[in-house]
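[1] this is a predicted model, with the sequence first.
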Amino acid sequence: MKKIGVVGGGAWGTALALTARRAGREVLLWAREPSVVQAINTAHSNPDFLPGIDLDPALLATDDLAEVAASDAVLLVAPAQHLRAACRALAPYWRPGVPAVICAKGIELASCAMMQEAVASELPGAPIAVLSGPTFAIEVARGLPTAITLACDDAALGTKLVEALGTATFRPYLSNDLVGAQIGGAVKNVLAIACGIVEGRGLGDNARAALITRGLAELVRLAVAMGGRPETLMGLSGLGDLILTASSTQSRNYSLGFALGQGRPLAEILDSRQSVTEGVYSAGAVVELAGRIGVEMPISAAVDAVINRDVGLDEAIRSLLSRPFRNEGL
């Protein structure tokens with residue numbers, strides 16, 4: 001684990017690359033944008049996606065996937081809806097035994113596949129791990145204390161990855177529940193949009209607390225139905241990530257929901273952004289996946305209705321508030 005490759009030159013990919021450098025690894029980052037590659041290699045910065053952060057001069061960038069694939073482990077940080085295509089492009093250069101560490105959070109819209117399924121189909125035989133948890137890229141890049149889940153079926157490989165990436169301020173906690181880690185990371189983005197709507201609409205702190213709690217319940221239902229463990233969703237990649245993403249304007253998903261709650265059109269919000277807001281694209285996939293396996297997710301369904309089905313905010317809120325009373329455990 002001396003050389004770490006990073007696929008994705010956005011804020012999170014750059015922050016993870018910087019973290020791996022702090023852990024003493026040789027790091028090569030692949031970026032799609034030539035301006036990002038040039039800025040990292042010459043100015044040791046990424047002003048397009050991570051402004052104000054000085055990068056380690058030893059952190060190098062490339063536009064050649066073959067170069068980044070020649071690593072001891074590769075962090076896959078492409079946006080969720082583009083992860084399959086990135087792996088397909090990497091496949092000709094992938095060496096047997098090199099672990100693929102999934103750092104994207106989402107459900108594939110076209111297929112309802114988890115990220116693990118998308119990667120496995122394009123990189124068959126590659127050992128897979130999932131890195132997920134409560135992380136704002138800018139805080140990780142600044143070296144502020146962060147704890148995160150690293151899920152891997154192979155305990156020995158998981159331990160090597162933890163040792164390769166861990167530092168005093170970036171602390172991976174090992175798990176073997178890849179499903180739980182992935183579902184937690186995907187659904188919390190959708191729920192964060194709902195929490196932002198509540199705040200933007202001025203519905204109060206009581207409503208936001210209720211939404212986070214009931215949202216966690218539907219997140220757990222989906223994860224368990226997919227084979228995940230409830231306790232995973234009470235940890236960093238579930239509850240921890242949900243609390244962070246659903247309560248701070250630093251969150252792209254929460255801030256998008258807040259703007260929606262204030263009455264701004266979705267298209268206008270998205271046009272003003274350079275980075276991807278994953279919850280917008282995962283909402284439909286989460287709801288469709290839940291429907292396929294018979295899991296009820298009313299909050300996620302309300303977000304999907306607002307974003308993808310032209311349902312007005314007031315109508316979606318009324319629909320949630322008019323649901324029948326029920327036992328809390330359900």
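    Cool, the structure landed. Here the structure is a predicted model, which is why all the values come from computation and not from measurement. Numbering: from 1, shown residues only.
[2] so what's the gap between stretch 301-316 and the chain middle?
    Here stretch 301-316 is found 23 Å from its chain centre; the criterion is Cα atoms, centre = their mean, to the nearest Å.
[3] now do the same for it: mean pLDDT, whole number.
    The average pLDDT for stretch 301-316 rounds to 94.
[4] low-confidence ranges, this protein, go.
    Along the chain, segments meeting pLDDT under 70 span 330.
[5] one more pass at 50, please.
    Within the chain, not a single segment meets pLDDT under 50.
[6] residue ranges of the strands in it, please?
    If DSSP state E is used as the criterion, the strands of the chain fall at 3-7, 26-30, 60-62, 73-76, 100-102, 128-132, 146-152, 170-175.
[7] distance to residue 250 and mean neighbour count added to the ones you listed, as CSV?
    Glycine gets a C-beta too; all of them are placed from N, C-alpha and C. Below are those laid out as CSV (distance: least, Cβ to Cβ, whole Å; neighbours: other Cβ atoms under 10 Å):
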stretch, distance to residue 250, mean neighbour count
strand 3-7, 22, 25
strand 26-30, 22, 24
strand 60-62, 25, 21
strand 73-76, 22, 26
strand 100-102, 22, 26
strand 128-132, 17, 27
strand 146-152, 13, 23
strand 170-175, 18, 19
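[8] what is the neighbour count of the nearest residue to residue 61 once chain neighbours are set aside?
    Once flanking residues are discounted, residue 61 sits nearest to residue 40: 3.9 Å by Cβ to Cβ, 6 or more residues apart in numbering. Residue 40 has 24 neighbours, counted by other Cβ atoms under 10 Å.
[9] may I ask you to confirm that residue 40 is in contact with residue 59?
    Yes - Residue 40 is within contact range of residue 59, at 6.5 Å (criterion: Cβ atoms under 8 Å).
[10] find residues that contact each of those two.
    Common contact partners of residue 40 and residue 59 (Cβ atoms under 8 Å, 6 or more residues apart in numbering): residue 29.
[11] relative to strand 170-175, how tilted is the biggest helix by length in the chain?
    In the chain, taking DSSP state H as the definition, the longest helix is helix 178-200. Between helix 178-200 and strand 170-175, the angle comes out at 120 degrees (axes from the mean of the first three to the mean of the last three Cα atoms, to 10 degrees).
[12] what angle sits between helix 178-200 and strand 146-152?
    Going by the same axes, to 10 degrees, helix 178-200 makes 140 degrees with strand 146-152.
[13] which ones are touching the residue nearest to residue 61?
    9, 14, 29, 31, 46, 55, 59-61.
[14] also residue 19?
    Shown in contact with residue 19 (Cβ under 8 Å, 6+ apart): 140-141, 165, 167, 170.
[15] only the buried subset of these, as a PyMOL command please.
    Selecting the buried subset of these in PyMOL, with 16 or more other Cβ atoms under 10 Å as the burial test, is done by:
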select buried, resi 140+141+165+170
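[16] and the contacts of residue 19, which is closest to residue 243?
    Taking Cβ to Cβ as the measure, residue 243 sits nearest to residue 140 out of the contacts of residue 19, at 16.8 Å.
[17] and the closest one, how far from residue 46?
    13 Å (Cβ to Cβ, to the nearest Å).
[18] same question for residue 323.
    45 Å.
[19] who has more neighbours, those two?
    Just comparing residue 323 and residue 46: by other Cβ under 10 Å the higher neighbour count belongs to residue 46, 30 against 9.
[20] list the contacts of the more buried one.
    Contact partners of residue 46, counting by Cβ under 8 Å, 6+ apart, are 9, 11, 14, 36, 39-40, 53, 55.
[21] quick one: contacts for the residue nearest to it when sequence neighbours are not counted?
    Nearest residue to residue 46 in three dimensions, chain neighbours excluded: residue 14, at 4.8 Å (Cβ to Cβ, 6+ apart). Applying Cβ under 8 Å, 6+ apart, one finds that residue 14 lies in contact with 29, 40, 46, 49-50, 53, 55, 137, 141.
[22] farthest-apart pair in the residues you listed, please.
    Using Cβ to Cβ, the pair of the contacts of residue 14 lying farthest apart is 40 and 137, separated by 14.8 Å.
[23] give me the most central residue, the protein.
    Nearest to the mean C-alpha position of the chain, counting by Cα atoms, centre = their mean, stands residue 105 at 2.7 Å.
[24] relative to residue 38, how far out is residue 277?
    Residue 277 sits 26 Å away from residue 38, taking Cβ to Cβ as the criterion.
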